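Student: give me coordinates for this.
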Amino acid sequence: MIEVFRPEEFIEDIAKTELGRKLSEDGTFRKTLTLPELRKVSSILYLLEAKAGVLTQPNRLASLFDGPVAMALLQKSEWLVIGKASIQSKLGVSLLTLFQGEKIAGKKIEPPKPKPQSEDSSSEDGTGNTHSADDFTDQFNVGSEKFGNLEMYQYDFGNESVYITVIGNFFVITNSKETLDVSLALASTKNNSSLGNLKGFSHLRKSAKKKENKLLFFAGTNSLLSPLLKPSFGNSSMGLLLGWKERGLLEGEIYRIGGDQSYTSSNTITPNLSKILPKDLTFAFYSETLKPIEVWKTLTELEGDWQNLSKGLDQFAESAALNPKNYFQDSKGVALSFHGLDSKNGMIYPRFGISLSSAVKDDSILKSIFKVGAKTKQNFQNVEYATYALKQGGYYSPSFVKVGDWTFFGSDKKSVEETIATRNGNKPNQSDRFGSGLIEKQGSYPNHLTIHIPNLLSDLKTFYLYGASDSMEYSSKTIERDVQPILDKLKPFSHFSMSFGSGNPGEVWGKARVGVE
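Tutor: Predicted structure coming up:
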């Protein structure tokens with residue numbers, strides 16, 4: 001879930017940044033909404049515009065809301081948007097009046113023909129009339145029905161329906177009647193299981209009132225991030241409070257929300273594992289203190305949308321005759337790293353690795369992932385490592401190396417050699433991100449999640465180009481025209497990092513920031 005506390009102020013702050021100026025100058029926001037992945041978003045935006053009879057600009061869209069607006073992705077591809085319409089906004093007043101005071105033609109009623117509109121008509125707040133109330137029903141299949149004592153409107157978008165209702169000045173928009181029912185039930189009672197009543201949220205709510213804090217990112221126990229968060233957060237969810245701080249860059253505080261929270265030691269962690277992990281990994285999750293066996297156990301207990309992953313891990317261990325408890329022993333420290341995408345002969349190959357304590361000497365985990373053939377010894381920068389050939393040939397060259405207190409198991413020789421170069425000091429490592437001051441304090445947390453933005457942008461382009469070969473949506477030309485300009489806007493940023501894992505219940509448990517070199 002993402003909650004923007006003060007939407008209009010949020011948009012104004014973005015407009016003041018270099019990125020915001022670039023986005024507004026060339027219309028990138030509108031271009032972004034035309035991408036196939038965001039057509040549903042743009043369709044709903046168009047629905048609201050068509051309903052109100054106006055076309056709004058992105059910087060005016062925020063004025064629709066008076067106070068926070070929240071957008072949540074739920075299980076089973078369901079989603080929910082809740083926001084309070086501003087009676088100071090012409091767009092807000094128009095929508096409230098139309099939804100609350102106008103009967104909309106049902107699906108079986110033949111809609112009137114649309115009336116022509118003047119191309120140069122406009123309003124005081126920068127919106128232009130682009131639709132009539134009549135032609136609205138030409139664009140979407142529309143119906144209405146009673147939902148309790150409320151009027152609910154249904155709009156059909158291809159295979160999906162969107163439901164909208166208004167409570168007072170609050171809009172509730174979702175693609176699920178069940179979600180709407182649950183939301184309205186929570187809204188009708190004070191003491192309930194809503195997000196705002198969970199343990200730890202009251203402290204976050206106080207911090208959210210500070211002017212510098214702009215938005216909340218919330219990841220629940222069954223969210224897209226569950227496999228990465230559950231080993232350290234347990235049965236608690238994550239709340240990430242973000243705002244613009246130094247040099248206009250995003251910084252944030254991490255909280256545990258709900259669950260069984262206990263005090264976790266704030267003792268300074270001396271970087272060790274981070275010194276063998278390249279700084280420019282596209283993605284990495286690593287912990288100096290988590291036990292691999294505990295990580296494995298939590299991953300086999302996932303529920304909801306991740307239940308199949310848990311079953312897959314159990315089947316993987318069984319087919320590989322791998323006993324996790326015996327294999328991982330009682331060792332501490334683990335890293336999962338994504339080194340990037342390689343493109344070869346019209347295919348793309350993800351490069352990845354697993355880092356464990358050097359107490360884990362057996363390479364069974366590598367043999368379990370790949371069907372390997374003969375093992376050979378290799379040498380790189382005076383460090384010996386082992387590599388396997390695949391039985392049936394192919395791109396990958398599974399390899400492993402012992403470096404200091406750690407053993408790195410990689411999908412390929414290139415990733416292993418990057419790790420060796422990092423350990424030898426010939427390549428920057430993850431601990432180099434935490435140099436001084438506040439950033440140094442961030443480095444003292446035990447658990448870290450990092451994204452190297454330049455490599456991520458490069459991998460995204462590689463992925464799009466690969467997909468273009470079989471896609472009706474994209475070609476190399478459309479990628480250069482529509483996608484590349486968006487990626488270029490993010491080039492000034494170097495990384496996104498989250499560090500967490502120590503502090504008192506209900507208080508700040510970690511830090512996050514977007515950085516530049």
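
Student: for stretch 319-327, buried residues please.
Tutor: By neighbour count, with 16 or more other C-beta atoms under 10 Å as the criterion, the buried positions of stretch 319-327 are 322, 324, 327. All C-beta spots, glycine's among them, are computed from the backbone N, C-alpha and C.

Student: so which of these belong to helices?
Tutor: Among the buried residues of stretch 319-327, the members falling in helices (DSSP state H) are 324, 327.

Student: which one of the buried residues of stretch 319-327 is nearest residue 151?
Tutor: Minimum separation from residue 151 among these (C-beta to C-beta) is found for residue 324, which lies at 54.6 Å.

Student: residue contacts, residue 302?
Tutor: Taking C-beta atoms under 8 Å, 6 or more residues apart in numbering as the definition of contact, the neighbours of residue 302 are 222, 226, 227, 230, 309, 310.

Student: can you do 10 Å?
Tutor: 221, 222, 226, 227, 230, 308, 309, 310, 311, 313 (C-beta atoms under 10 Å, 6 or more residues apart in numbering).

Student: quick check: the gap between residue 84 and residue 96.
Tutor: Noted for residue 84: a distance of 10 Å to residue 96, by C-beta to C-beta, to the nearest Å.

Student: between those two, which contacts overlap?
Tutor: Residues touching both residue 84 and residue 96 (C-beta under 10 Å, 6+ apart): 168, 169, 170, 171.

Student: quick check on those residues: which are buried?
Tutor: Under a neighbour-count criterion of 16+ other C-beta under 10 Å, the subset of those counted as buried comprises 169, 170, 171.

Student: you'd agree the first one is up against residue 82?
Tutor: Same thing as residue 169. No. Counting by C-beta atoms under 10 Å, residue 169 sits too far from residue 82 to count as a contact (11.6 Å).

Student: what sits closest to residue 417 if chain neighbours are left out?
Tutor: On the basis of C-beta to C-beta, 6 or more residues apart in numbering, the spatially nearest residue to residue 417 that is not a chain neighbour turns out to be residue 380, at 4.7 Å.

Student: just put the buried ones among the shared contacts of residue 84 and residue 96 in a markdown table and tack on pLDDT, distance to residue 393 and secondary structure.
Tutor: Converted to a markdown table, these look like this (pLDDT from 0 to 100; distance: C-beta to C-beta, whole Å; DSSP: H, G, I helix; E, B strand; the rest coil):
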| residue | pLDDT | distance to residue 393 | secondary structure |
| --- | --- | --- | --- |
| 169 | 82 | 64 | coil |
| 170 | 85 | 60 | strand |
| 171 | 84 | 57 | strand |
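
Student: next up, the contacts around residue 270.
Tutor: For residue 270, the residues meeting the contact criterion (C-beta under 10 Å, 6+ apart) are 288, 431, 443, 444.

Student: ranking these by neighbours, who comes first?
Tutor: residue 443 (22 neighbours; other C-beta atoms under 10 Å).

Student: leaving out chain neighbours, which residue sits closest to it?
Tutor: The spatially closest residue to residue 443, leaving aside those adjacent along the chain, is residue 434, at 2.8 Å (C-beta to C-beta, 6+ apart).

Student: the one you found contacts residue 444, correct?
Tutor: Yes. Between residue 434 and residue 444 there is a contact at 8.1 Å, judged by C-beta under 10 Å.

Student: name the residues contacting each of the two.
Tutor: Shared contacts of residue 434 and residue 444, defined by C-beta under 10 Å, 6+ apart, are found at 271, 499.

Student: picking up where we left off before, wait, which of the buried ones among the shared contacts of residue 84 and residue 96 is closest to residue 77?
Tutor: residue 171 (20.9 Å).

Student: residue contacts, that closest one?
Tutor: Contacts were defined as C-beta under 10 Å, 6+ apart; by that measure residue 171 touches 48, 64-65, 69, 81-85, 92, 95-96, 99, 164-165.

Student: now do 7 Å
Tutor: Neighbouring residues of residue 171 by C-beta atoms under 7 Å, 6 or more residues apart in numbering: 82, 83, 85, 164.

Student: that one bridge partners, please.
Tutor: According to DSSP bridges, residue 83, residue 166 are recorded as the beta-bridge partners of residue 171.

Student: gap between it and residue 86?
Tutor: Computed as C-beta to C-beta, the residue 171 to residue 86 distance reads 11 Å.

Student: also residue 329?
Tutor: Here residue 329 is placed at a distance of 59 Å from residue 86 (C-beta to C-beta).

Student: the more surrounded of these two?
Tutor: residue 86 (20 against 14).

Student: from memory the more buried one sits against residue 69, does it?
Tutor: No. Using C-beta atoms under 7 Å as the test, residue 86 is too far from residue 69 to be in contact (10.5 Å).

Student: so residue 396 touches residue 389, yeah?
Tutor: No. Counting by C-beta under 7 Å, no contact exists between residue 396 and residue 389, whose distance comes to 9.6 Å.

Student: more crowded one of these two?
Tutor: Set side by side, residue 396 and residue 389 show more neighbours around residue 396, with 20 against 16, by other C-beta under 10 Å.

Student: how about the contacts made by that one?
Tutor: Under the criterion of C-beta under 7 Å, 6+ apart, the neighbours of residue 396 are 370, 390, 411, 412.

Student: hmm, 8 Å instead?
Tutor: Residues touching residue 396, when contacts are defined by C-beta under 8 Å, 6+ apart, comprise 349, 370, 390, 411, 412.

Student: pretty sure it sits in a helix.
Tutor: No. Secondary structure assignment places residue 396 outside any helix; it is coil (DSSP: H, G, I helix; E, B strand; the rest coil).
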